[in-house]
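J.: Need a 3D model of the sequence below.
(one chain, ligands or ions: 1)
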Amino acid sequence: MALKNGIVGMSENEDYIIYNRLEELDEASQWLVNKANEALKTSYSPYSKFTVGAAALLNNSEVILGSNQENASYPAGLCAERVALFQAGARFPHAAVIRLAIVAKRANEEDLRAGGPCGMCRQVMLEFEQKFNLPYEVIFRIEDGKWIKTKSAQILLPFSFGKRNL
Ligand code: THU
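T.: Next up is the predicted model:
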């Protein structure tokens, strides 16, 4: 699908908007990115030294933070996105996600890095969307210091497997 240019430095289609700088996002989105930044501090990543933070805004106004939690048995660790979403599900099972922000940074560096959610996290993100049949926005940094805000989790996982398939 063709990208259409909106204001300078912004490109938009029906699935997502790309911003040249974080400051171009709306205030509510920037605020949630800052929350995800706070979550970076709780990352337990002694093996990869790669820190990830996630912040989920729920429709009951709660903000649930998550960070990646690693393990000496590497596959036992969990990504920041799933730590946040599973926590949201466990604490507020009847609340839907409205917006999810994700940030990533090497532990020994100051600047954020580009990093979309991994495939397994996309699957879990999709489940939280389909649970309430309510699309939610996903925000993360992409290449060249740009940011993307998707209009749903579903667009990150085309031709997906979901509860309708069971
Ligand atoms: N990681 C996340 O927390 N989220 C992702 O979507 C990608 C990867 C974590 C897992 C591991 O602790 C570290 O980043 C390096 O892969």
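
J.: which strands and helices sit next to the strand or helix carrying Ile98?
T.: Counting by DSSP states H and E, the secondary-structure element that holds Ile98 is strand 97-106. Other elements packing on strand 97-106 under the criterion 3 or more C-beta pairs under 8 Å, 6 or more residues apart in numbering; DSSP states H and E are helix 27-40, strand 50-58, helix 80-91, helix 119-132, strand 137-141. For every residue, glycine as well, the C-beta is placed using N, CA and C.

J.: In this protein, where is pLDDT below threshold?
T.: Within the chain, the stretches with pLDDT under 70 are 1-10.

J.: for the ligand, what are the nearby residues on it?
T.: Proximity of the chain to the ligand, by C-beta under 6 Å from any ligand atom, involves residues 45, 48, 50, 52, 68, 70, 77, 79-81, 117-118, 121.

J.: Report the buried members of these.
T.: The neighbour-count test (16 or more other C-beta atoms under 10 Å) marks 45, 52, 68, 70, 77, 79-81, 117, 121 as buried among those.

J.: re earlier: angle of the strand holding Ile98 against helix 27-40?
T.: If you take axes from the mean of the first three to the mean of the last three C-alpha atoms, to 10 degrees, strand 97-106 sits at 50 degrees to helix 27-40.

J.: in strand 97-106, what's buried?
T.: 97-105.

J.: Next: stretch 158-166.
T.: So for stretch 158-166, nothing qualifies as buried (16+ other C-beta under 10 Å).

J.: For that stretch, which outside residues touch it?
T.: 123, 126-127, 130, 154 (C-beta atoms under 8 Å, 6 or more residues apart in numbering).

J.: Spit out the contact partners of Glu62.
T.: 88, 91-92, 95.

J.: Need the max-distance pair from these.
T.: Of all pairs drawn from the contacts of Glu62, the greatest distance, 8.5 Å, lies between Arg91 and Ala95 (C-beta to C-beta).

J.: Which one's more surrounded, the two?
T.: Higher neighbour count among Arg91 and Ala95: Ala95, with 18 against 11, using other C-beta atoms under 10 Å.

J.: Quick check: the more buried one touching Val63?
T.: No. At 11.2 Å, Ala95 does not count as touching Val63 under the criterion of C-beta atoms under 8 Å.

J.: quick one on the thing from earlier: CA atoms only for the strand holding Ile98 - export them in CSV, please.
T.: The C-alpha trace of strand 97-106 is given here as CSV (Å, rounded to 0.1, in the frame of the first residue of the first chain):
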residue,chain,number,x,y,z
VAL,A,97,-4.8,-2.5,26.4
ILE,A,98,-5.1,0.9,24.7
ARG,A,99,-1.5,1.6,23.8
LEU,A,100,1.8,-0.2,24.2
ALA,A,101,5.3,1.5,24.1
ILE,A,102,8.5,-0.4,23.8
VAL,A,103,12.1,0.9,24.1
ALA,A,104,15.5,-0.9,23.9
LYS,A,105,19.0,0.1,24.8
ARG,A,106,22.4,-1.5,25.3
